[in-house]
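1. What shape does this take:
(2 chains)
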Amino acid sequence: MNETILLDHGAGGRASHELVQRVFARHFSNPALDSLDDAAVVEAPAGRLAISTDTFVVDPIVFPGGNIGSLAVHGTVNDLCCRGARPLWLTAGFVLEEGLPLALLEEVVAAMAEAASAAGVAIVAGDTKVVGRGQADKVFINTAGVGVIAPGVEIGGHMARPGDAVLVSGSMGDHGVTILAQRAGLGLNAPLVSDSAALHGMAAGLIAACPGLHVLRDPTRGGLATTLNEIAASSGVALELDEGTIPVDAAVNGVCELLGLDPLYLANEGKLIAIVAEDQAPAALEAMRSHAKGGRAAVIGRVLEAPAGRVWLNTAVGGRRLLDMLSGEPLPRIC
Amino acid sequence: MKHADEFRDPQLTRNLARAITAASRKPVRFMELCGTHTMAIARHGLLEMLPPTVELVSGPGCPVCVTATEEIDRAVKLARQPGVVVATFGDLLRVPGSQSSLARERAAGAKVEIVYSPLDALELAKRQTASQVVFLGIGFETTAPTVAAAMAMAKNQGLLNFSVLAAHKLLPPAMEALLTGPSLGLHGFICPGHVTTVIGTAAYEEVVARHGLPCVVAGFEPADILATLLMLVKQAEAGQARVEIQYRRAVSPQGNPQAREMMNQVFQPVDAAWRGLGVIPQSGLEPGPDYRELDARRRFDLEVPPAHDPPACRCGDVLRGLCRPPDCKLFAAVCTPTQPVGPCMVSQEGTCAAWFKYRRA
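-> Model prediction:
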C-alpha cells in the first residue's frame, strides 16, 4: 500500500469519512466509539474521577520498543495511575501531515489500539485534522484520559513526608537515550530499547500493598532529577538519594558517557517513582519487583525535612552535591 | 566504559580522600584551569570529600567564558551579514554580547549552524557553495590545532567560501598574567589534561621556576582529580614545587609536536582580550601570513565599538579566582541558566553554571 494522507482526508467529506472507518473505527472499535456520534456516552462510575491530557510529538515516530501510538496510550494511562486512578477511557486527537504514508498511520493506530486493550482502557472519542506538508511533523497525537479513584486512596506529589523512602521501579533514562540514539547522525550501535509501558498493574499492586503510599510519579521529560525536584517543592521537603543505588542500564550509561548526557535527566516512559512510609519500603519494593516491568526496582533514597525543595545526591564516589532540575539542555522531542 | 569505571571505584576514591585528609596540615588553595575539571569536581561532589584545609578555586578554563564581549559582538555582526552562515559550537549560542546573542540573531532569521567540529563547518561550506561559511574558532590549544587543520584543508582544496573568525586563547600567558596580577594566595595548579596533551609541560616548568608553585597535570575522572590533589598536598606540605603528571595515560612532557606544528603553520600569536583578565600580550591566535585569506576579520567588516561587560556581573572576578559565584549579587537571583547575564552561567563548563547546578545552598 503506497497511499498517502492528503488534505482531503481532513476536510470532513467523503475522504475523511473513509479514513475514519477504515483506520480509526476499525482498530479502536468499542460500544462508546462505534456510534461515531458527536460525543461518546459512558456510564459514570461512583467516586472521584482523575482527568489528564497529554500531547505527543516524538521524533522519530517509530523507535525500538514502540511508536508514537503506543507511547500516547502508555503516557496517558501512567499519568492517571500516578493519582491512584484506575484508567477507564481515552480520547485521541490526531494532527496528520499531508504526505504521511497511510501504512505508517495504520501502524501507529494499530499499536495504539493494542496498547489500549492491554491497559484495559477504551478509546471512546477521536478527531483527525490534516495540515499541509511542513506544518506538522508526520503525526502529532493529543490524548485525554479519565480514570476512577477508589475510596480512601490519596496519592499526590505534595504528600511526601520526612522519613519516607524513595523508590524507583527500574533503570533510568532508557526512553530518552533510545530516542536520542535513533536520531540522524548518531549511528550508534548500542542495544537500546525504550521502556514505554503501561504501569496500571504495578500501580494497583503498590496501592494494595502499601496503605502508606504517599507519592507516585512517572519520571518522563526532565527525568528522575526534574521529577524529584518537583516533588520536593510541592511537598515542602528535601530529598536525599544515593547515586550508587539508582539503577541505570550499562548500554544507557555507555551512550550517556559518549554524548555527555546524564541518565538522571533523560525521559522514562515505563517507570514509576514511589515515595512510601519508611516501614513500608520492603512491601513497596516487593510489589514493584513482582511486576514484569519492575525487576530492577530499588530503594534509592529518603525524604528529609529541610531545606525544602532541594534534592541532594550522595555521589557514587563518596561525595555529595545538589541534583538540580533540568535547565536548558538541547534535547530533542522525546515524547 | 570499563575504563572510566576504574577511576570511579568508590573504594579507590574514598581511600584517596582519606589519604588527602591524613596528609594535609596547612591550609592550601589550588586552582583548576580547565572547565571540564570544574564540572567533574562539582558533578561528583568531590569538595565534600576534602578536608577543610584544602580549598579549590576555578580559573579561566572555560573557553566560552573567557571569550571577550567584543568577540561575541563581532560574531553577531557577522551573523547579520546577508549570505553568511555562522558555524559555531553550541555553547557559544546563548552567550550575551553587548546587545544581542547568536541565539537571538538566529531567531531573527540569521543563519547560525551548530557544529561539533571545524571539519563539519568545512563540509557545510562544500554543500552550501552560494553562502559564505564562517567558523567561530574559540578554545585553547586543544581545539586550535583542529581548526588549523580545517583551514589547511580549505586552502589546499581552494574552498573560497570558508573562513574562520579566530578567538583562540593560549593558556601559558594567562597563567603568567594571573600570577603577576593581584595575589590569589595560590599554592598550586591543577593543570588541564587535554591542553597538556598538546603543549606538554614546558610552560609549567616556567611557572615552577618563576613563582615556586606546584603544577600537577590531571585527568578528568574522580580518582584522577583526587590523586592530583594528593600530589599537590604532598608537595605543599613538603615545601616543594615541581611539575608532576598524574594523567600519564594520555600526557607526555613533550606534548604533541605535530599538533603544535600544525597550529604554528596556520596561526601566529597575537595580543588578545580575555573577559575578566583584560588584554594579555601574545595570548591569542590570528591566521598567519599564509592564511590571511581565510581570516574572517579581513574578509568582512567586523569592526565593533568597545564593549562593556554587564554591570554588576562578576564573571571577570570569578574567572580570576578572585570571588566565588555566590559572592556575586546577581548569582541565582537575576542570573540563572535560563536567563544568564554573564558567560560563566551560560557555558556548561562555566563556574557559575556548575555552582548553580550542583552547589546552590
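2. Contacts made by the helix or strand hosting B:Glu176 with the rest, please.
-> Element membership of B:Glu176 [criterion: DSSP states H and E] is helix B:171-180. The contact list for helix B:171-180 (C-beta atoms under 8 Å, 6 or more residues apart in numbering or on different chains) reads B:31, B:33, B:59-60, B:66, B:140-141, B:184, B:186, B:189, B:192, B:195, B:199, B:203, B:206-207, B:210-211, B:213, B:274, B:277, B:280-283, B:320-321. Where you see a C-beta, it was placed from the backbone N, CA and C, and this is true even at glycine.
3. Report the buried residues of that helix.
-> If you call a residue buried by 16 or more other C-beta atoms under 10 Å in any protein chain shown, then helix B:171-180 has these buried ones: B:Leu171, B:Pro172, B:Pro173, B:Ala174, B:Met175, B:Glu176, B:Ala177, B:Leu178.
4. For those, give me a markdown table that also has pLDDT.
-> Listed next are these as a markdown table, based on pLDDT from 0 to 100:
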| residue | pLDDT |
| --- | --- |
| B:Leu171 | 95 |
| B:Pro172 | 95 |
| B:Pro173 | 95 |
| B:Ala174 | 94 |
| B:Met175 | 95 |
| B:Glu176 | 94 |
| B:Ala177 | 93 |
| B:Leu178 | 92 |
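5. Can you lay out those as TSV showing distance to B:Arg298?
-> Formatted as TSV, those follow (distance: C-beta to C-beta, whole Å):
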residue	distance to B:Arg298
B:Leu171	26
B:Pro172	27
B:Pro173	24
B:Ala174	26
B:Met175	30
B:Glu176	29
B:Ala177	28
B:Leu178	32
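6. hang on, the earlier thing: PyMOL command to pick out the buried ones of the contacts of helix B:171-180?
-> Here is the PyMOL command that picks out the buried ones among the contacts of helix B:171-180, judged by 16+ other C-beta under 10 Å:
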select buried, chain B and resi 31+33+59+60+66+140+141+186+189+192+195+199+203+207+211+213+274+277+280+283+320+321
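7. Alongside chain A, which residues does the stretch 1-150 of chain B contribute?
-> Counting by C-beta under 8 Å from any C-beta of the partner chain, the residues of the stretch 1-150 of chain B close to chain A are B:1, B:4, B:8-10, B:13-14, B:17, B:42-49, B:90, B:94.
8. Mark which of those are buried, thanks.
-> Neighbour counting with 16+ other C-beta under 10 Å marks B:Arg8, B:Thr13, B:Ala17, B:Ala42, B:Arg43, B:His44, B:Gly45, B:Leu46, B:Leu47, B:Met49, B:Arg94 as buried within these.
9. Need the max-distance pair from those.
-> Greatest spatial distance among those (C-beta to C-beta): B:Ala17 and B:Arg94, at 35.6 Å.
10. For chain B, what's the nearest residue on the stretch 101-250 of chain A?
-> Taking C-beta to the nearest C-beta, chain B has its nearest neighbour within the stretch 101-250 of chain A at A:Gly244, 6.8 Å off.
11. wait, the stretch 201-335 of chain A
-> For the stretch 201-335 of chain A, C-beta to the nearest C-beta, closest residue to chain B: A:Gly319, 2.7 Å.
12. which helix in chain A runs the most residues?
-> helix A:102-119 (DSSP state H).
13. For B:Val207, give its distance to B:Leu171.
-> Plainly put, B:Val207 is 11 Å away from B:Leu171 if you go by C-beta to C-beta, to the nearest Å.
14. Many thanks, we can stop here.
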